[in-house]
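Undergrad: build me a structure from this.
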Amino acid sequence: YLAPLKNVCDVLKKFGGSEGDTAGIHIHVSRPDVRMQEATHLINGYCREGVFHILMRAVSMRSNVERFNMYADLSASETQHHAAISYNSHGTCEFRVFNSSLDSKLILRHLKFCKEFFNLVAENTPKEKILQSFSKATKLHIKNCAKIQLDKGFILEREYKELLKEIQ
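TA: Okay, here's the model as predicted:
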């Protein structure tokens with residue numbers, strides 16, 4: 001998928017496309033063998049507090065807390081439009097947390113993250129084992145995002161350390 005996505009991102013850059021907190025990436029995930037609303041409900045519930053809440057803020061790559069809370073609300077029910085993790089009319093689990101980006105490799109890493117997270121929940125992985133069950137590549141992505149978010153002040157050092165400890 002990288003080649004077509006890279007081409008799209010390159011064209012957008014060439015003709016004035018930009019990235020930042022004024023827009024976001026929404027990633028929809030589904031599987032025909034999964035009760036989508038139930039899986040989305042679980043993911044949404046996990047991400048409302050604790051280390052999963054830190055995880056979502058870390059991978060979001062957002063800079064503006066106010067916009068993040070407005071358009072990717074981690075405390076909202078999955079039935080609300082601006083919930084960070086929502087169930088929608090398309091029957092998919094929608095991850096709304098990500099900042100806009102024209103970096104095709106970053107976008108693909110976000111896609112992989114969402115797919116893995118969703119599949120771990122869909123396959124009934126116990127909540128306390130999900131973070132450790134991500135692939136090495138996804139764990140590296142999470143760590144890299146968390147470091148950037150720590151440096152920006154979007155997550156605290158205490159949160160950064162807690163997240164790194166949990167994904168080992």
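Undergrad: where does the prediction get shaky in the chain?
TA: 1-2 (pLDDT under 70).
Undergrad: all helices for it, in order.
TA: 2-14, 36-46, 50-60, 65-71, 104-122, 127-133, 136-152, 157-166 (DSSP state H).
Undergrad: closest to Ser86 out of those?
TA: helix 36-46 (6.9 Å; C-beta to C-beta). All C-beta atoms are positioned from the backbone trio N, CA, C, and that covers glycine.
Undergrad: and the residue nearest to Ile25 when sequence neighbours are not counted, how far from Arg158?
TA: In space, and not counting its chain neighbours, Ile25 is closest to Phe98: 4.0 Å by C-beta to C-beta, 6 or more residues apart in numbering. Phe98 is 24 Å from Arg158, where distance means C-beta to C-beta, to the nearest Å.
Undergrad: follow-up on the earlier one: deepest of the helices of the chain, which one?
TA: helix 50-60 (a mean of 22; mean count of other C-beta atoms under 10 Å).
Undergrad: what is that helix packed up against?
TA: Helices and strands touching helix 50-60, by 3 or more C-beta pairs under 8 Å, 6 or more residues apart in numbering; DSSP states H and E, are strand 93-99, helix 127-133, helix 136-152, helix 157-166.
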